[in-house]
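Engineer: Below is the sequence, then the predicted model.
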Amino acid sequence: MSNNLLKMPGIRTFLTVVLGQFVSTFGTGLTNFGLGIWILKDTGSVTHFAILNLVVTLPGIVIAPVAGVIVDRWDRRRVMLLSDCGSALSILSLALLIHSGYLQFWHVCVALGINSVFAMMRAPAFSASIPLLVPKQHLGRASGITQMGQAASGILAPMIAGLIVQAVGLDKVVLIDFVSYVFAVSMLLTVSIPKPPQTTDAKVRKSLWREAGYGLSYIKSQPGLRGLLIYFAAIFFSVSIANVLMAPMMLKFASVAVIGFIVSCAGAGLLTGSVVMSTWGGPQRRINGIFGFGLLQAVAFIVMGLRPNPVFVGAGLFLQSFTLPFIQGCNRVIWQTKTPPDVQGRVFAASTMIIQLVAPVGYVIAGPLADRVFEPLMAAGGTLSGSIGQFIGVGPGRGIGLMLIVMGFINAASTISAFMRPRIRYIQDEIPDAIDDHIFEKKPLIRDETPVKA
């Protein structure tokens, strides 16, 4: 960002909040990795590990509609403060249990379930605050900066967590997570976030449950946003399936060390894409950015499945992860600019809930489809071994490779289908911007600054 832009109080507030959220996200990554290893070692149960992944997401999905109402009714900075404080206390309880030697699996589930609820409150509050701090022409770059922090955390947290667990123990890892939340809270205490201007509809206070349904009602009333959300749910569905299948496929042809290198390609791709997005800001026609990089992501899935070769899989993972900051960033900017600021909490929470709901479906069907359908088809002597097998190979793991290729073609077809729908293709033209840069006339201040009196 240019020096003039960095001098804007809103930008400085945004960067202050992002720094705090990055540190807390890094701490959460340490804890999640450390607890996952502890569960696998202590119980030896993959089922327990799968349950852990479920409790990290499911409570947040359930609470999403109410969380959106809270974000819109309350001061968004206070919602983030409450969320970080709640998460900090739940993590501190885990650290104390580990230190005392009383930690059990159900303790972890309860603590991470509570964390999931607070995370669902924090995410829409943060996303809905960004358009109040950053001029709309720079929202794409802001999205890139946000994802850059997440990407760096995704690369560094597992490596550092493994070293700390081995050196000083799991309780120290969780204690670092607690300190990271304290840091995030301290950053939020130094800033102010302006309240959004109210629309006529939002001024009418309704019951909690009626307001909870407003996010879905708003999306339903906007055909372009509704179609875009359906497209994103389809893309996220394929990504969730790929996340389940990658490790089993790679274990068929690569050592653990090689797999670690391949997985690092995904983190490197995500970080590279985030840096480019934060510098460039994305195309002015955001919808074209979504579709263009959506097609590139489809190609990445096909490359991942082509050959049982670390180079192909690593290149595909890098490319697939590289596209995510552009796809998600352009999508986020469209929602931020087309949704009235005072209802963004409910709308963002509703859209997040819908997208996240498809992930468990992908997790459930991925295994049976691979084991009972695609792997037998691509086994030696299988139905497709003499045709498709001549191009992508046969044997263990090749059925999963075929699944990835099929998902690539499905994603490409979904992208083309979405592009052919005028309501989605012209969404930036048909839906007027709901935010204007006049909201920056009342500039948010870093709290140690003194406002100029009129």
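Structural biologist: Cool, the structure landed.
Engineer: Report the mean per-residue pLDDT for stretch 251-266.
Structural biologist: For stretch 251-266, the mean pLDDT works out to 77.
Engineer: So which bits of it are buried?
Structural biologist: Going by neighbour count (16 or more other Cβ atoms under 10 Å), the buried part of stretch 251-266 is 253-254, 259, 262-266. Every C-beta, even on glycine, is put in place using the N, C-alpha and C of the backbone.
Engineer: next one: stretch 30-44
Structural biologist: Under 16+ other Cβ under 10 Å, the buried positions of stretch 30-44 are 30-39.
Engineer: quick one: which of the buried residues of stretch 251-266 is nearest to residue 159?
Structural biologist: Here the nearest of these to residue 159, counting by Cβ to Cβ, is residue 264; it sits at 8.9 Å.
Engineer: quick one: contacts for that closest one?
Structural biologist: Contact analysis of residue 264 by Cβ atoms under 8 Å, 6 or more residues apart in numbering lists residue 155.
Engineer: make it 10 Å
Structural biologist: 155, 158-159, 314, 317-318 (Cβ atoms under 10 Å, 6 or more residues apart in numbering).
Engineer: The spatially closest residue to residue 198 that is not a sequence neighbour: how many residues sit nearby?
Structural biologist: Among residues not flanking residue 198 along the chain, residue 342 sits closest, at 4.9 Å (Cβ to Cβ, 6 or more residues apart in numbering). Residue 342 has 19 neighbours, counted by other Cβ atoms under 10 Å.
Engineer: now swap in the one 5 residues further on and tell me
Structural biologist: Residue neighbour count, defined by other Cβ under 10 Å, stands at 27 for residue 347.
Engineer: Which helix or strand contains it?
Structural biologist: helix 344-368 (DSSP states H and E).
Engineer: helices and strands around that helix, which ones?
Structural biologist: Counting contacts by 3 or more Cβ pairs under 10 Å, 6 or more residues apart in numbering; DSSP states H and E, helix 344-368 is packed against helix 46-73, helix 76-100, helix 105-133, helix 208-212, helix 214-221, helix 223-250, helix 310-338.
Engineer: Show me what secondary structure element comes after it.
Structural biologist: From helix 344-368 onward toward the C-terminus, using DSSP H and E, the following helix or strand is helix 375-378.
Engineer: residues of that following helix that come out buried?
Structural biologist: Residues of helix 375-378 classed as buried: 375, 377-378 (neighbour count, 16+ other Cβ under 10 Å).
Engineer: Measure how the helix holding residue 347 sits relative to helix 76-100, angle-wise.
Structural biologist: 40 degrees (axes from the mean of the first three to the mean of the last three Cα atoms, to 10 degrees).
Engineer: now the angle from helix 344-368 to helix 310-338?
Structural biologist: Angle between the axes of helix 344-368 and helix 310-338 is 150 degrees (criterion: the same axes, to 10 degrees).
Engineer: How far away from the center of its chain is helix 344-368?
Structural biologist: Chain-centre distance of helix 344-368: 11 Å, with Cα atoms, centre = their mean, to the nearest Å.
Engineer: Equivalent analysis for stretch 246-259, please.
Structural biologist: Relative to its chain's centre, stretch 246-259 lies at 25 Å (Cα atoms, centre = their mean).
Engineer: Show me where the stretch 51-200 of the chain dips below the pLDDT cut-off.
Structural biologist: 199-200 (pLDDT under 70).
Engineer: repeat that with 50
Structural biologist: Scanning the stretch 51-200 of the chain for pLDDT under 50 picks out 200.
Engineer: cool, the stretch 301-450 of the chain as well?
Structural biologist: Counting by pLDDT under 50, the ranges of the stretch 301-450 of the chain that qualify are 442-450.
Engineer: about what we covered before: of all the contacts of residue 264, which comes closest to residue 367?
Structural biologist: Residue 367 has its nearest neighbour among the contacts of residue 264 in residue 317, at 20.2 Å by Cβ to Cβ.
Engineer: one step back: quick one: closest of the helices and strands packed on helix 344-368 to residue 413.
Structural biologist: Closest approach to residue 413 among the helices and strands packed on helix 344-368 is made by helix 223-250 (9.8 Å; Cβ to Cβ).
Engineer: Packing partners of the closest one?
Structural biologist: For helix 223-250, the packing partners by 3+ Cβ pairs under 10 Å, 6+ apart come out as helix 214-221, helix 256-280, helix 286-306, helix 310-338, helix 344-368, helix 398-419, helix 422-425, helix 427-430.
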